[in-house]
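Trainee: okay, predicted coordinates and the sequence, questions at the end:
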Amino acid sequence: MLTRIVRPSPALDTFLQPLIPLLSLPQRQHLLEMADALLVTEDRKTLAALQRKFLDTTDPANWADFLRISPWSTADVRDRLRREQLAWLIAEAQRQDLHKVLYLNLDDYLGKKDKQTRCMEPVDWFHDHNESTPQKPRYHNAFCYVECTARVGNLTVTLDLRLYLRAKTVRRLNRHRAPERRLAFRSKNTLACAMLEALKPLLPPDWTIYVQFDSWYASERLLKYIHRQGWHAVCALKSNRKLQGQRLRQFATTLQHRRYTRVRVTAADGHRTTYFARDAVGRLSKVPFDVRVIFSKRHPQARTWAYFLSTDLARSVVETLRGYGGRWSCEVVNFYVKTQLGLADFRVRSFEAVDRYVVVVHLAWAYVERRFVQERSAQVRCYGDLIRRHREEHADAWLTAALEEAVSTGEIAPVLRRFLRQPA
C-alpha cells in the first residue's frame, strides 16, 4: 500500500496552532494529523484509512479516543475559529479596498449514509426538500448540519458548521442518557439565531450587513431578530406567504400593469442568466415592518414565479438579486467538504464524537479557504486546485524522504517495504 505523508504539512501546522491553544500537545498532534490526512486521502476517509496514509502510523483507536473521550471542548475551538476567520476576512477586504458590505449566508444540508446505518446518533431519516415534489416526498437516512458562510466581494470564509437533530431523535437519545448528558432540541431557526448571536459582537459597526437564506428560514422570528440588530435580511419566500393580506401568487396578478425589471445574474461558472422581475413594498403577515417583495420569472411568458424578500427598501431590485446570488458560496462549501474532505465519512457513533469530527473537517476547510485567497493564480483557480497542490507538496516530501533514505542506507528493498508497506 502506498503511503502519502512523511510528516504533517508545516503550512497546515502554522495555520492550526493559533486556533487550538487550549488543547494539550497530544490533542493538537492528533487534530493536525487528522486534518492533514483528510486533505490528502482521496477515497473513503475512515480513521483507519486516514492513518494508513502516514509513513509512521499509530493505532487508529488513538484517533477514535481523541474524538470520543478526550477532554476538549468543540465550543472553544469553534469560537476561536469564528473570530479568526471573520477578523481575517475583514482585514483582507480592507487591504483590497472592497466595499464595506458583508453577506452572511445560511443554509442546511444532508450528509447521506447507508440505509442500514442505525447506531450513529446524529443519523436519522430526514425529508429532502430539494429532491421532493408535492406528489412524491423523498427521505434519506442521513445527518443534517447548518452552515454559515461570510462573503465580502470575491472573498468567502466558512464561519460555522453545526449538527442539527430532529426533535424525535433528541427524545430517543435522551432515554438512554444520564440527566447531565441529555441533549437539548434546537430547531434550525434556533441554530441560525445562535450563529448570528455569536457573530454579533465580532461584526464591524460601520459595515452594512445582509443575512441571506432560503424560504425554509424565512420565519417571523428570524426576520424580527435580524431587524432588531440593524441588519438587513434577503431571502426566498414560499408562494403561500401573505403580503398586504394576499397570498403572493395572488398578489402577483395585481402587478400585471407594471413593467419588468431585467436583472442579469452571473453564476459561479461565468454563465449569465436574465430574470424578469417586479416588486412591491408592504407588510408580510406577522412581520411588523415594511419589506420589499420581488416577483421574478425566467421569461415574461413563464407561468411560475419565484419570490424574494428584502428588508432594505433603499436597495434596488438588481442589487438585491445579484447579492442574493452570492449565497451560492454555501453550495460550494457543501460540495467540497463532502466530496474532498469526507464530512459524511465518519464512523464514530456518539453525537459528541461526530460533532468533534465536524470541527476537524471545518478546521481543514478553513485552511483551504485561507490559503486559496493567498495563492489564487492561473494555476490555482478553484479550491480543488489548492487541495491538489497540498497533495503534491506531500508527494514531493514523500519521494525526497524515500530517495534520501535509499542513498543513506545503500539499499532499495527495505525502503520500498517501508514506504510502500510491502510485506517482508
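Mentor: Received the coordinates, thanks.
Trainee: surely P18 meets E84?
Mentor: Yes - under the criterion of C-beta atoms under 8 Å, P18 makes contact with E84 at 6.9 Å. For the C-beta atoms, the positions are set from N, CA and C on the backbone; glycine is no exception.
Trainee: which of those two has more neighbours?
Mentor: The residue with more neighbours, out of P18 and E84 and counting by other C-beta atoms under 10 Å, is E84; that gives 16 against 10.
Trainee: name the helix or strand of this structure that has the lowest mean pLDDT.
Mentor: Of all the helices and strands that make up the chain, the one with the lowest confidence by mean pLDDT, DSSP states H and E is strand 261-266; it has a mean of 82.
Trainee: what pairs with the next helix or strand after that strand, parallel or antiparallel?
Mentor: Of the helices and strands lying after strand 261-266 in sequence (DSSP states H and E), the nearest is strand 272-282. Using DSSP bridges, the strands paired with strand 272-282 in its sheet are strand 261-266 (antiparallel), strand 291-297 (antiparallel).
Trainee: could you dump strand 272-282 to PDB, C-alpha only?
Mentor: Coordinates of the C-alpha atoms in strand 272-282 are reproduced here as PDB (Å, rounded to 0.1, in the frame of the first residue of the first chain):
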ATOM      1  CA  ARG A 272     -25.200  34.800 -17.300                       C
ATOM      2  CA  THR A 273     -29.000  34.500 -16.800                       C
ATOM      3  CA  THR A 274     -31.600  37.200 -17.300                       C
ATOM      4  CA  TYR A 275     -34.500  37.400 -14.900                       C
ATOM      5  CA  PHE A 276     -37.700  39.500 -15.300                       C
ATOM      6  CA  ALA A 277     -38.700  41.000 -12.000                       C
ATOM      7  CA  ARG A 278     -41.400  43.100 -10.500                       C
ATOM      8  CA  ASP A 279     -41.500  44.400  -6.900                       C
ATOM      9  CA  ALA A 280     -43.900  45.700  -4.300                       C
ATOM     10  CA  VAL A 281     -43.500  47.200  -0.800                       C
ATOM     11  CA  GLY A 282     -45.700  46.200   2.000                       C
END
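Trainee: in that strand, what counts as buried?
Mentor: In terms of neighbour count (16 or more other C-beta atoms under 10 Å), strand 272-282 has its buried residues at 275-280.
Trainee: got it, and stretch 408-423?
Mentor: By neighbour count, with 16+ other C-beta under 10 Å as the criterion, the buried positions of stretch 408-423 are 415, 419.
Trainee: so how far is the helix or strand that contains Y103 off the chain centroid?
Mentor: When elements are defined using DSSP H and E, Y103 is found to belong to strand 101-112. With C-alpha atoms, centre = their mean, to the nearest Å as the basis, strand 101-112 stands 6 Å off its chain's centre.
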